[in-house]
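Colleague: fold the following and give me the result.
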Amino acid sequence: MFRYCVALSIILAVFTVSLSVLAQSSTAQSEVDENYLVLEAAVGTAGLTEVASIDHARLAQAEGVEMPASRVLIFSDPEINSSILAGNVRAGLDLPFRALSFDQDDLAQITYTGSQFLVERHGLTETSMLEAFDNRMLDVLGGLVAKPAPTDGLTLDYGVIELKSKLNVSEAVGRLTEVVMAQDDTVWFGEIDFAAEASQLGMEIPEAVLLLFGGPAPGGVAMADFPAIGLDAFCQKLLVYADDDGGSTIIYNDIAALAELYYGTSTKPHRALNERLTATFRSAIE
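Modeller: Next up, the predicted model:
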């Protein structure tokens with residue numbers, strides 16, 4: 001009888017702890033959702049264009065992978081994009097605007113890409129352009145408590161992986177799109193033709209196209225203990241821009257490097273994804 005009571009007590013204790021964890025998780029998810037909906041409404045009010053809405057955790061859960069709540073909103077202002085890209089086309093890897101509502105240790109938080117990130121990673125220096133970028137972001141953040149992505153340790157071209165191709169931009173984009181979508185665990189989120197945007201505004205910048213896609217299952221594994229990297233590393237961002245010789249340069253994020261920037265460490269899944277992406281992209285452009 002004594003053993004039965006002890007066993008029952010252990011079962012009840014485990015059940016109670018499980019319910020407590022579930023309740024915390026549910027609360028954090030609700031708060032993440034609430035913050036996200038506020039951000040999404042503010043984007044519309046500010047007259048900005050929503051490019052992609054990605055619910056990392058629910059997409060991963062549908063593939064059998066559990067991770068903390070994490071929802072990224074990607075939105076755009078073509079005039080801001082064009083002005084920044086005129087300064088450095090490689091900054092397109094960190095455009096357009098991004099804000100992430102996520103759960104870190106059962107606490108709902110918001111992070112976003114600020115202008116200082118662009119300064120440190122892409123060497124941008126034009127003050128008025130950077131102020132305009134931050135002001136538009138503040139239009140969306142409003143009274144929400146949010147922190148910019150970390151810049152401590154960020155340097156020029158930090159965490160940028162680069163490949164070269166003899167293909168022109170249009171050819172490279174076509175090949176890359178085809179090989180990416182041939183992956184059976186990949187979801188397509190969108191494409192932005194930055195040069196076309198600029199042309200509509202009467203501005204001229206180098207030919208540049210941004211591809212947005214991701215793998216919910218491998219991404220969920222990589223973000224399980226690193227939900228904040230859902231701002232930069234997921235979805236995948238692949239920027240293809242024109243070289244002077246008629247070929248193209250392809251740049252994308254080093255997932256392990258971004259994990260180290262945000263959390264001070266990285267894991268095998270981050271490095272494995274880097275290897276997979278590089279092999280996939282090379283197969284398309286060589």
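
Colleague: buried residues in the helix or strand harbouring Asn135?
Modeller: Using DSSP states H and E, Asn135 sits in helix 127-141. Applying a neighbour-count criterion of 16 or more other CB atoms under 10 Å, the buried positions in helix 127-141 are 129-130, 132-134, 136-137, 139-141. Where C-beta positions appear, they are placed from N, C-alpha and C, glycine not excepted.

Colleague: which regions of this protein lie under the pLDDT threshold?
Modeller: Scanning the chain for pLDDT under 70 picks out 1-25.

Colleague: tell me which stretches of it form helices.
Modeller: Secondary structure of the chain (DSSP state H): helices located at 2-45, 56-62, 78-87, 115-122, 127-141, 169-181, 194-200, 216-223, 255-263, 268-285.

Colleague: for these, which one sits closest to Gln104?
Modeller: Relative to Gln104, the nearest member of the helices of the chain by CB to CB is helix 2-45, separated by 8.9 Å.

Colleague: buried stuff in stretch 214-230?
Modeller: 214-224, 226-230.

Colleague: then stretch 273-286?
Modeller: Buried-residue list, stretch 273-286, by 16+ other CB under 10 Å: 273-274, 277, 281, 284-285.

Colleague: try stretch 110-129
Modeller: For stretch 110-129, by 16+ other CB under 10 Å, it's 110-122, 124, 129.

Colleague: swap in stretch 197-209?
Modeller: 197-198, 203, 205-209.

Colleague: which of those residues lies closest to His56?
Modeller: Val209 (23.8 Å).

Colleague: how close does the closest one get to Ser283?
Modeller: Distance, Val209 to Ser283, by CB to CB, to the nearest Å: 19 Å.

Colleague: Ala172 - how many residues pack around it?
Modeller: 25 (other CB atoms under 10 Å).

Colleague: so it makes contact with Ile285?
Modeller: Yes - applying CB atoms under 8 Å as the test, Ala172 and Ile285 come out as touching, 5.5 Å apart.

Colleague: overlap in contacts, the two.
Modeller: 165, 248, 250 (CB atoms under 8 Å, 6 or more residues apart in numbering).

Colleague: contacting residues for the second one?
Modeller: The neighbours of Ser248, taking CB under 8 Å, 6+ apart as the test, are 164-165, 167-169, 171-172, 240-242, 285.

Colleague: can you put the residues you listed in JSON lines and add distance to Glu191?
Modeller: Below are the contacts of Ser248 laid out as JSON lines (distance: CB to CB, whole Å):
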{"residue": "Lys164", "distance to Glu191": "21"}
{"residue": "Ser165", "distance to Glu191": "18"}
{"residue": "Leu167", "distance to Glu191": "17"}
{"residue": "Asn168", "distance to Glu191": "16"}
{"residue": "Val169", "distance to Glu191": "12"}
{"residue": "Glu171", "distance to Glu191": "15"}
{"residue": "Ala172", "distance to Glu191": "13"}
{"residue": "Val240", "distance to Glu191": "10"}
{"residue": "Tyr241", "distance to Glu191": "14"}
{"residue": "Ala242", "distance to Glu191": "16"}
{"residue": "Ile285", "distance to Glu191": "17"}
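
Colleague: thinking again about what came up before, contacting residues around the helix holding Asn135?
Modeller: Contact with helix 127-141 is made by 39, 42-43, 46, 48, 75, 77, 80, 83-84, 87, 97, 99, 110, 112-115, 118-119, 124, as judged by CB under 8 Å, 6+ apart.

Colleague: for Arg98, which residues are in contact?
Modeller: 72-75, 112-113, 231-232.

Colleague: in strands, which of those appear?
Modeller: 72-75, 112 (DSSP state E).

Colleague: test my guess that Gly230 contacts Ser70.
Modeller: Yes - with contact defined as CB under 8 Å, Gly230 reaches Ser70; the gap is 4.3 Å.
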